[in-house]
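Using only what follows, build the 3D model:
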Amino acid sequence: MNTPDIHKRIEQLKKSADEVLFTDSATALTLCLESLALAKEAGDLDLQFGSHKMIANVYCNMGSFVESLEHYNEILALGQVTGNLIYEASALAGIGLVAKQTGDYDLSLDSYEKALILFRNAGMMRDEAGILMNIGNVYSRTADFERCLKYQKEALGLYKKMGDVLGQSRVLNNLGTATTRADQARAGIIYFKKALKLIEKRDMQSEEAISLLNIGLCYGEAQSNNTYNPKMAITFIKKSLAISETMNLQHIVYSAYRMLSKIYANEGDYQNAYKFHVKFHEIKELIFNEESDSKLKKLQAIHKISQAQKESEILRLHNEKLEEDIERGKSELSVATLYLLQKNKYLTAIHNKVSDALSEPDEIDRRTFLREILHHTKSGLESTSQQFNESFRRVHGSFIDNIAKSYPAITSTELKVCALLKIRLSTKEISNILCVSEKAVDYHRLNLRKKLQLPKEITLSAFMTSQSDLVAS
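Below is the predicted model:
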């Protein structure tokens, strides 16, 4: 697949993953992993960044925080290697989110603060505002409301500057929640109403339902609260409920039913209290079953993908091992072939010499002829042996030196047998190469077993192939 086709395929995969991100996490994850593999094949760092980010988001949505962190750390490494501060800032923001979800607030704040500096220096105002809001939320969780308000208000200023209504609404709801938790319910109601006013005519129904519910909760809390107003509470909660039931916003419906049952009970209207109490438990059971089913599906998806990745890794390692074995086999075959070719070259030369002699008159000096044959044979064998040794060393390094050093009693001929066993030659092949009988080779093998002190269950060939080619220390 060429680069333009890879880019096109990755865009298709990302689009498909986005469509099923919250409904079918397993499919979304599979698509994102394919996208990452293609991005790596193309060597495109921007595409790798985007794929890692999507995978991290999917894992975070599935509650697989360890896997999510792994991919955010991959992005962080990409940023540090390339000097791309946007990669680094995005990774730190993701790590901050995962750490917040897992309750590691120190890591969350540290990561968010580092990301904030990078986004601010890059002039990325929307990302800066998002980080400020998230830092405020972390401080809200740790009940440090003073710092929470500081960061939320700073985020609100940026969202106003950008004219981002949704961002303003979310910050105002966060401010309302923080002030209410800090026992300032009146201030909380003001913030919630500001958020409601911003969005109620802008087709942001889910945000509107949240603001309405929050106002209702402030009015409907315990009677000791100085903002307690059951009539107002019921009015706002029912408005929220009308939107939430239509949009199937189950968690808002859950909170609304629970609060309405509580308010009606406080006011002595036990019929309505019971009615909403029953509805509350029905939605509670429904949410529990759906969440349990969702968690089970997510676990099954993670297990399936994990198994696929393990199988893929095993196959990759197996293929690498096969390739190494094939290459080693080729090298060993080349060494043996070279040896035999050289030997045949000299045998052919001797054959030609003898043929020439036979064609000469009978008065040829046989002693002179035999001396020439002997000289030619000796020269050929020495040359062939030298070339074999050089080729063998190129493939197997210091194998012979290691054996000689570790077992000094082994003779030079036995070392040759060791080398030929290393390249997996049989006794017959060794006898042909060394120009000795098979019995002689068996004798050398027996001597080697004794000198190496090999137990019966280990073959001499297996021992040789297992020995290192590296220089002995």
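
wouldn't Gln467 be in contact with Asn402 here?
Yes - under the criterion of Cβ atoms under 8 Å, Gln467 makes contact with Asn402 at 6.7 Å. For every residue, glycine as well, the C-beta is placed using N, CA and C.

who's more crowded, the two?
Neighbours per residue, other Cβ atoms under 10 Å: of Gln467 and Asn402, the larger number sits with Asn402, 18 against 15.

Remind me what the one helix or strand the more buried one maps to packs against, helices and strands.
For Asn402, the host element (DSSP states H and E) is helix 399-406. Judged by 3 or more Cβ pairs under 8 Å, 6 or more residues apart in numbering; DSSP states H and E, helix 399-406 is in contact with helix 366-396, helix 412-422.

So, low pLDDT: which residues of the stretch 1-150 of the chain?
1-3, 22 (pLDDT under 70).

what about Ala209, distance to Ala256?
Distance of Ala209 to Ala256, given as Cβ to Cβ, to the nearest Å: 9 Å.

hmm, I was thinking of Glu457
76 Å.

okay, those two: which has more neighbours?
For Glu457 versus Ala256, neighbours defined as other Cβ under 10 Å are more numerous around Ala256 (29 against 6).

Would you enumerate the residues in contact with Ala195?
Contact analysis of Ala195 by Cβ atoms under 8 Å, 6 or more residues apart in numbering lists Gln168, Ser169, Arg170, Leu172, Asn173, Gly176, Glu207, Ser211.

so Leu38, which of the three states?
Put simply, Leu38 is helix when judged by DSSP: H, G, I helix; E, B strand; the rest coil.

hang on, I meant Leu425
Criterion first, three-state DSSP; result for Leu425: coil.

hmm, back to that, lowest-confidence stretch among the helices and strands packed on helix 399-406?
Ranked by mean pLDDT, the helices and strands packed on helix 399-406 end with helix 366-396 at the bottom, a mean of 66.

re earlier: from the contacts of Ala195, keep the buried residues only.
Neighbour-count burial (16 or more other Cβ atoms under 10 Å) applied to the contacts of Ala195 gives Gln168, Ser169, Arg170, Leu172, Asn173, Gly176, Glu207, Ser211.

Looking at those residues, which is nearest Ala409?
Arg170 (82.8 Å; Cβ to Cβ).

Quick check: nearest residue in space to the closest one, chain neighbours excluded?
Leaving aside its sequence neighbours, Arg170 sits nearest to Met133 (Cβ to Cβ, 6 or more residues apart in numbering; 6.9 Å).

what's near enough to touch the one you found?
With Cβ under 8 Å, 6+ apart, Met133 has these contacts: Tyr151, Gln152, Ala155, Gly167, Arg170, Val171, Asn174.

So the fourth one versus Val441, what's the distance?
Gly167 sits at a distance of 84 Å from Val441 (criterion: Cβ to Cβ).

Same question for the fifth one.
Counting by Cβ to Cβ, the gap from Arg170 to Val441 is 84 Å.

Ok, the second one next?
Distance of Gln152 to Val441, given as Cβ to Cβ: 86 Å.

Comparing the two, which residue is more hemmed in?
Set Gln152 next to Val441 and count neighbours by other Cβ under 10 Å: Gln152 wins out with 29 against 24.

Check which helix or strand the more buried one maps to.
Here Gln152 is assigned to helix 145-162, by DSSP H and E.

ok, and the closest non-adjacent residue to Gly188?
Closest to Gly188 by Cβ to Cβ, 6+ apart is Thr180, at 3.4 Å.

I meant to write Ala233 there.
Gly220 (3.2 Å).

OK, contacts around that neighbour?
With Cβ under 8 Å, 6+ apart, Gly220 has these contacts: Tyr228, Asn229, Pro230, Ala233, Ile234, Ile237, Met259, Lys262, Ile263.

Helix, strand, or coil at the first one?
Spelled out, that is Tyr228. Applying three-state DSSP: Tyr228 is coil.

thinking again about what came up before, turn the contacts of Met133 into TSV, columns for pLDDT.
Putting the contacts of Met133 into TSV (pLDDT from 0 to 100) gives the following:
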residue	pLDDT
Tyr151	96
Gln152	95
Ala155	96
Gly167	93
Arg170	93
Val171	95
Asn174	94
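
Pick the one among these closest to Lys416.
Closest to Lys416, out of all of the contacts of Met133 and judged by Cβ to Cβ, is Tyr151, at 78.4 Å.

neighbours of that closest one, just the number please.
Tyr151 - counted by other Cβ under 10 Å - has 23 other residues nearby.

That one reaches Leu132, doesn't it?
Yes - if you go by Cβ under 8 Å, Tyr151 and Leu132 touch, sitting 5.0 Å apart.

before we move on, the earlier item: please flag which of the contacts of Ala195 sit within helices.
Counted as lying in helices by DSSP state H, out of the contacts of Ala195, are Gln168, Ser169, Arg170, Leu172, Asn173, Gly176, Glu207, Ser211.

Now do the same contact list for the spatially closest residue to Lys160 that is not a sequence neighbour.
In this structure, Lys160 finds its nearest non-sequential neighbour in Gln168, 6.2 Å apart by Cβ to Cβ, 6+ apart. By Cβ under 8 Å, 6+ apart, the residues touching Gln168 are Leu156, Tyr159, Lys160, Ala195, Leu198.

Going by neighbour count, which of these comes out on top?
Most surrounded of the contacts of Gln168: other Cβ under 10 Å gives Ala195, at 27 neighbours.

That residue and Asn173: what is the separation?
Relative to Asn173, and taking Cβ to Cβ, Ala195 is found at 5 Å.

Between these two, which contacts overlap?
Joint contacts of Ala195 and Asn173 (Cβ under 8 Å, 6+ apart) are Glu207, Ser211.

All the helices of the stretch 1-150 of the chain, in order from the start?
3-20, 25-42, 45-62, 65-82, 85-101, 105-121, 125-141, 145-162 (DSSP state H, counting those that start in this stretch).

thinking again about what came up before, return the member of the buried ones among the contacts of Ala195 nearest to Lys14.
Using Cβ to Cβ, these come closest to Lys14 at Arg170, 25.2 Å.

Surely that closest one is in contact with Met204?
No - contact criterion Cβ under 8 Å: Arg170 and Met204 do not qualify, at 10.2 Å.
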